[in-house]
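Engineer: Just a sequence and a predicted model for now, questions to come.
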Amino acid sequence: MVDQFIITIDGTSSTGKSTIAKRIAKKLGYIYIDSGAMYRALTYYCIKKKIISKSFFNKNVLINHLPSIKIDFIKNPNSNNLEVNLNGEFIESKIRTLEVSDLVSELAKFDDVRKYMVEIQHSLGNKKGVVMDGRDIGTVVFPNAEYKFFLEASSKLRAKRRYDELVIKNKEISFNEVFENIISRDKLDTNRSNSPLRKASDAILIDTENLNLDQVESKIMDYINFSNSNS
């Protein structure tokens, strides 16, 4: 492709958005930006600074901290991958915990946080040639993106996928804990007043329930290639 585009991949948690977005970006030679990792990075920061927990969220303290928090995507020399970086530290392995998952949606619905994140996301995507995944990328962050996709699957299947990832790291996690986390996050994401999770009217819906990663990737690439060849 000569022209470069912005491609958005939204959807509920554990539908494979991040994995698919990475694969599409690699296939096209684009930059992949994981917006979910950005919110997780901020949540991790807040946990460490005791700004948020299951029993409290000190929003005023977070507002005061925001100017000194730098979230970026930088190539990690150890993994050779583009990874989320928080104030100079690569934290990819530290943000995929159930503790972060339990709190990220609560933090993400805070207006000041979303404004802060959207500013960063705009700066990262202003040169195009970007694949970004999240909850509101096609509706709020890049409503004029050339290609938009929305992934969905049943809550039970998504919980199973997430559980399989987490059980390797923590054998004490139960499926019910993960399932309840998925349900809770869906409720928070779809009902928040600011930038709720919803499918953009012009996004292509892909049900991943009975599809493997290769099939989802193929569907997205087929659409991009077909659309581009007829433009």
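Structural biologist: Right, received. Where do you want to start?
Engineer: Now residue 9: which helix or strand?
Structural biologist: According to DSSP states H and E, residue 9 maps onto strand 6-11.
Engineer: How far off centre is that strand?
Structural biologist: 10 Å (C-alpha atoms, centre = their mean, to the nearest Å).
Engineer: ok, the nearest residue to residue 140 once chain neighbours are set aside to residue 180 distance?
Structural biologist: Excluding its sequence neighbours, the residue lying closest to residue 140 (C-beta to C-beta, 6 or more residues apart in numbering) is residue 195, at 4.7 Å. For every residue, glycine as well, the C-beta is placed using N, CA and C. According to C-beta to C-beta, to the nearest Å, residue 195 and residue 180 sit 24 Å apart.
Engineer: Neighbour count: those two, which is higher?
Structural biologist: Neighbours per residue (other C-beta atoms under 10 Å) separate residue 195 from residue 180, with residue 195 holding more: 21 against 13.
Engineer: what stretches of the protein score poorly on pLDDT?
Structural biologist: 1-2, 170-171, 230-231 (pLDDT under 70).
Engineer: ranges for the strands of it?
Structural biologist: Using DSSP state E, the strands of the chain run over 6-11, 31-34, 71-75, 82-86, 89-90, 130-134, 147-152, 204-207.
Engineer: residues contacting the nearest residue to residue 63 once chain neighbours are set aside?
Structural biologist: Excluding the flanking residues, the one nearest residue 63 by C-beta to C-beta, 6+ apart is residue 112, at 5.6 Å. Listed by C-beta atoms under 8 Å, 6 or more residues apart in numbering, the contact set of residue 112 reads 59, 62, 63, 66.
Engineer: The most centrally placed residue in the chain - nearest residue in space that isn't next to it in sequence?
Structural biologist: When C-alpha atoms, centre = their mean is applied to the chain, the residue found nearest the centroid is residue 36 (2.7 Å). In space, and not counting its chain neighbours, residue 36 is closest to residue 134: 5.7 Å by C-beta to C-beta, 6+ apart.
Engineer: Can you show me the helices along this structure?
Structural biologist: Remark: helices assigned in the chain by DSSP state H are 17-28, 35-48, 59-65, 98-108, 111-125, 155-167, 175-191, 213-229.
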